[in-house]
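Engineer: predicted coordinates and the sequence they were generated for:
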Amino acid sequence: MPNFIMSYLGSTVTPGEAGNQFWALIYVLIIFAGVSVAVICMNWIERKALAHFQVRLGPMRVGPHGLLQPIADALKLMLKEDIIPSEADQFVFWVAPLIGLLAAFTVYTVIPFGPSQAVSDMNIGILFMLGVSSLGVLGIVVAGWASNSHYPLIGALRSSAQMVSYEVAMGLAVVSAILMTSLNASGTGTLSMIGIVQAQQQQGVWFIFKFFPLGLIAFVIFAIAMVAETNRAPFDMAEAESELTAGYHTEYSGLRWSLFMLAEYAAMIAVSSIAVTLWLGGWMRPFPNLLNAPAWDFIFSLFPGLTFLGLAAIAFVGTARMPADSFFKIQRIGLAVFAALLGFIALLLLAIAVAGRFADASVGARFRDGIDYIYWFVLKVAVFMYLFIWYRATWPRYRFDQLMKIGWKVMLPISLGVLVVTAIVGVIVS
Amino acid sequence: MNDVSNRALSNLDLETPDKTYLDSNELVINMGPQHPATHGVLRVILKLDGEKVLGTECVIGYLHRGVEKIAENRTYTMFNPYVDRMDYVAAVSNGLGYCEAVEKLMNVEAPPRAKYIRVILTELNRIASHQLWLGTHALDIGAMTPLFYTFRDREEILKIFERYCGARLTTHAFRIGGCQYETYAGFEKDVKNFLAFFPPKIDEYEALLTTNRIWLERTKNVGVISGADCIALGVTGPVLRASGVQWDLRKAQPYAAYSEFDFEIPIGTNGDTYDRYLVRMAEMRQSLRIIEQAVNGIPEGPIMGKVPKVIKPPVGEIYHSIEAPKGELGYFIVSDGSTQPYRLRVRPPSFVNLQALDIMVRGLLVADVVAVIGTLDIVLGEVDR
């Protein structure tokens, strides 16, 4: 058994491919915990960023700068009374948030954080991803129906129509990216998520810049469709607060409601991951082919440590700027400890980077590269997450019919056209 | 079900389904009285076909406090603070209308300085009211951010009110016959600071909304009402002007000191939600113009006219109306010669404008209902009184 566990460490493929259930399970647990933590962080960042967009402070009371607010909220939601409306379909009402959650988390099986940093590499990865992520709509529809109430019903109807419509444009945009993977010597493309990133590496260009502006248009189509797909502003018709109070989850409260939120944010991260994988080079750092000397590897591997160092510096500045009043003493200490923790992580990452440069090439460099891959991937996804917040702060909400009009009359023809032109250009080039 | 709902539902003709659609059932939903976008406790019963609105019925009265009846049991002076509680976001206008109505009944006039102070405060209040409208209207359409910008800037106006009379919302700023308070030291400076501070802020709001594609799609050709319909329904204020009718009581029947100022009446052409938005934005700029002229030309002199200690208007009746931020605000007072009004009737602009909701939203979608409620700029305290 230990041999079975240890033997994977030398492997360069995902645990799924290597057939190693133990490491696959470990990866699943890491990803589950990681995504949950990411959702908690996202919750805090969204509230803070949105507040600063809107000349407010956002959460400030629970922990220094409200850092513990999401945890306090999660605790509160868990402790709340579990209410199921008496007229609701009890079982379906109970199961609906789980469907959404399951769909949102299953997607992460194939998301490649690095060439071997994924649970599994399926040869139909992208299809699996689109298929499973669109199951999320089922949770919403079922929730709206089971509530047996008017507002949730309208919200569910809206979101089912919306998600189904935007999936068409989204799928066509994805196909045009997949077409680009076949531009190699053998002429065969791939649906594997890892394969798509490797194709970008081989062709030496992110697909967003490929056949400019074709890749860019497909990417923009996807970027718009994914906002609609996740029911976020300005396409948040399904839970339009000012119209439908809370849309499909009006009747939900407590833990069940928080599961919907968890699913929504997990889905946002998942679709952003697809966009990053297909168009933005996945785990690759900038210019992996151009700047491929070991010295460049070393410089880029310093980035994760430097990022954490920057975060630690921000936290330290925040500590220094806290009011001197003794009332804030505990908060000051808390923030200083948090800053020290970030600084420690930064030093650790920098040490790994240095060790990877000078220590034994095989193990040290592999570990360092793993951190690099995950860092660049997460950074790119984080940009999308920030965009989601930015959209929400800036734009009014589209009306339902306008949303459908854009989906069917604008985005579908454009993505279809891009697909055809990409195919033609691809044939000419090869 | 209580009587109110029965009456309301029967008006929507629920028994005969619409035969033009294949086997479709209408959905009747209650929007409000607890709803994020009905601006208080308005209850709208919507009859829907899918998302399409077939008809609406407003149920009001959830905030009824019997203001008009209270007036019959209070002296003229005692009733003055009550009017602030009707349109609580434009309390200064309410007070101005009431004080001027009683003054007209008693045949006294406020001194020029008092009139100027009244104009300055009322126009500041108009801006504050329009800011609140803009923030909530944008929020209803899904833009969260303008709300916080307008609240940030409205604070500057409320600070001036607070320094002038001690209150921010229910100001009770004026008295019958003039003003109780002389302007505080630095009043003119504060107002001038605001005049310099505010125009860039209007530009900021407009940068977020005026040319925003989504905003245009959500407001253009939504909730269209013609000028003739407005007049037939008695709709006044920015809603009437956006439909192309140039009717502003400040010009048509000048009161206070408005005849002395130079300003324009912005009007729209289409009578849709976007035009109403533009009209109100332009009105804010015109209000600034009026304030600038008033604060530069404010005369010296007394601030209280010659009114007796006990206000006892002669027997008679009077109707006096002013251009409140939301439309024509009228007071009809019947005096029997005693210290209390025999009857007092308020003509609130919100109440009358709300009548237009049904014809404006018929055939539109659910999302447009909240947009139209927002654009009518109703305050339930004034609708229900």
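Structural biologist: The structure has been received and is ready for your questions.
Engineer: show me what counts as buried in the helix or strand harbouring A:Tyr27.
Structural biologist: Using DSSP states H and E, A:Tyr27 maps to helix A:21-53. Residues of helix A:21-53 classed as buried: A:23-24, A:27-28, A:31, A:34-35, A:38-40, A:42-51, A:53 (neighbour count, 16 or more other Cβ atoms under 10 Å in any protein chain shown). For the C-beta atoms, the positions are set from N, CA and C on the backbone; glycine is no exception.
Engineer: next one: that helix, is it in contact with chain B?
Structural biologist: Yes. Under the criterion of Cβ under 8 Å from any Cβ of the partner chain, chain B is reached by helix A:21-53 at A:Leu50, A:Phe53.
Engineer: what packs against that helix?
Structural biologist: helix A:2-7, helix A:15-18, helix A:69-79, helix A:254-279, helix A:361-394 (3 or more Cβ pairs under 8 Å, 6 or more residues apart in numbering or on different chains; DSSP states H and E).
Engineer: interface residues of the stretch 51-200 of chain B facing chain A?
Structural biologist: B:51, B:138-145, B:147-149, B:152.
Engineer: neighbour-wise, which of those leads?
Structural biologist: The member of these that has the most neighbours, counting by other Cβ atoms under 10 Å in any protein chain shown, is B:Ile141 with 32 neighbours.
Engineer: count the residues that sit near the residue lying closest to it once chain neighbours are set aside.
Structural biologist: Closest residue to B:Ile141 apart from its sequence neighbours, by Cβ to Cβ, 6 or more residues apart in numbering or on different chains: A:Pro396 at 4.4 Å. By other Cβ under 10 Å, 27 other residues sit near A:Pro396.
Engineer: just B:Phe197 next, same as before
Structural biologist: 11.
Engineer: name the nearest residue to it, sequence neighbours excluded.
Structural biologist: B:Phe197 sits nearest to B:Glu156 (Cβ to Cβ, 6+ apart), 6.3 Å away.
Engineer: got the contact list for that neighbour?
Structural biologist: B:Phe194, B:Phe197, B:Phe198 (Cβ atoms under 8 Å, 6 or more residues apart in numbering or on different chains).
Engineer: out of the residues you listed, which are inside strands?
Structural biologist: The members of those all map outside strands under DSSP state E.
Engineer: as TSV, these with pLDDT would be great.
Structural biologist: Below are the contacts of B:Glu156 laid out as TSV (pLDDT from 0 to 100):
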residue	pLDDT
B:Phe194	91
B:Phe197	91
B:Phe198	91
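Engineer: closest to chain A among these?
Structural biologist: B:Phe197 (14.7 Å; Cβ to the nearest Cβ).
Engineer: I figured B:Pro81 hits B:His172, correct?
Structural biologist: Yes. Contact criterion Cβ atoms under 8 Å: B:Pro81 and B:His172 qualify, at 4.7 Å.
Engineer: give me the distance between the single nearest residue of chain A relative to chain B and B:Asn221.
Structural biologist: Chain B sits closest to A:Arg397 of chain A, with a gap of 2.6 Å, by Cβ to the nearest Cβ. Distance of A:Arg397 to B:Asn221, computed by Cβ to Cβ, to the nearest Å: 17 Å.
Engineer: likewise for A:Gln69?
Structural biologist: Taking Cβ to Cβ, one finds A:Gln69 at 43 Å from B:Asn221.
Engineer: contacting residues for A:Met42?
Structural biologist: A:Tyr265, A:Met268, A:Ile269, A:Met385.
Engineer: pretty sure the third one is touching A:Phe388, no?
Structural biologist: It refers to A:Ile269. No. The pair A:Ile269 / A:Phe388 is not scored as a contact, 9.8 Å apart, by Cβ under 8 Å.
Engineer: more neighbours, those two?
Structural biologist: Set side by side, A:Ile269 and A:Phe388 show more neighbours around A:Ile269, with 24 against 20, by other Cβ under 10 Å.
Engineer: let's have the contacts of A:Met42 in JSON lines, adding pLDDT and distance to chain B.
Structural biologist: Converted to JSON lines, these look like this (pLDDT from 0 to 100; distance: Cβ to the nearest Cβ, whole Å):
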{"residue": "A:Tyr265", "pLDDT": "90", "distance to chain B": "18"}
{"residue": "A:Met268", "pLDDT": "90", "distance to chain B": "18"}
{"residue": "A:Ile269", "pLDDT": "91", "distance to chain B": "22"}
{"residue": "A:Met385", "pLDDT": "91", "distance to chain B": "18"}
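Engineer: skip the chain neighbours and tell me the closest residue to the residue in chain B positioned nearest to chain A.
Structural biologist: Closest to chain A within chain B is B:Gly142: 2.6 Å, counting by Cβ to the nearest Cβ. Among residues not flanking B:Gly142 along the chain, A:Arg397 sits closest, at 2.6 Å (Cβ to Cβ, 6+ apart).
Engineer: which residue packs closest to B:Ser243, ignoring adjacent ones?
Structural biologist: Here the residue nearest B:Ser243, using Cβ to Cβ, 6+ apart, is B:Gly271, at 3.4 Å.
Engineer: related to what we said a few turns ago, could you count how many residues lie near the residue of chain A closest to chain B?
Structural biologist: Neighbour number of A:Arg397 under other Cβ under 10 Å is 25.
Engineer: surely it is within a helix?
Structural biologist: No. Assessed with DSSP: H, G, I helix; E, B strand; the rest coil, A:Arg397 is coil; it does not lie in a helix.
Engineer: so who does it touch?
Structural biologist: Counted by Cβ under 8 Å, 6+ apart, A:Arg397 has contacts A:233-237, A:240, A:242, B:141-143, B:214, B:218, B:367.
Engineer: so which of these is the most crowded?
Structural biologist: Ranking the contacts of A:Arg397 using other Cβ under 10 Å puts B:Ile141 first, with 32 neighbours.
Engineer: pLDDT at A:Leu280, what is it?
Structural biologist: Reported pLDDT at A:Leu280 in the predicted model: 88.
Engineer: sorry, slip of the keys, the one I care about is A:Ile83.
Structural biologist: At A:Ile83, pLDDT is 84.
Engineer: what's the single longest helix in chain B?
Structural biologist: helix B:112-141 (DSSP state H).
Engineer: contacts for stretch A:173-184?
Structural biologist: Contacts of stretch A:173-184 (Cβ under 8 Å, 6+ apart): A:126, A:130, A:188-191, A:195-196, A:199, A:202-203, A:207, A:210-211, A:214-215, A:218-219, A:221-222, A:225, A:274, A:278-279, A:415, A:418-419, A:422-423, A:426, A:429-430.
Engineer: from those, which would you call buried?
Structural biologist: Members of the contacts of stretch A:173-184 classed as buried by 16+ other Cβ under 10 Å are A:126, A:130, A:189-191, A:195-196, A:199, A:207, A:210-211, A:214-215, A:218-219, A:221-222, A:225, A:274, A:278-279, A:415, A:418-419, A:422, A:426.
Engineer: now do the contacts for B:Pro349.
Structural biologist: Contacts of B:Pro349 by Cβ under 8 Å, 6+ apart are B:Thr236, B:Gly237, B:Ala324, B:Lys326, B:Gly327, B:Glu328, B:Leu329, B:Glu382.
Engineer: and the closest residue to the third one other than its chain neighbours, how many neighbours?
Structural biologist: So the one you mean is B:Ala324. Among residues not flanking B:Ala324 along the chain, B:Ser93 sits closest, at 4.2 Å (Cβ to Cβ, 6+ apart). Around B:Ser93 sit 27 other residues, with neighbours defined as other Cβ under 10 Å.
Engineer: and B:Ser93, what helix or strand is that in?
Structural biologist: Using DSSP H and E, B:Ser93 falls in helix B:91-106.
Engineer: I'd say A:Leu416 and A:Val168 touch.
Structural biologist: No. A:Leu416 is beyond contact range of A:Val168, at 9.3 Å (criterion: Cβ under 8 Å).
Engineer: centroid residue for chain A?
Structural biologist: Centroid-nearest residue in chain A, with Cα atoms, centre = their mean: A:Ile269, separated by 1.6 Å.
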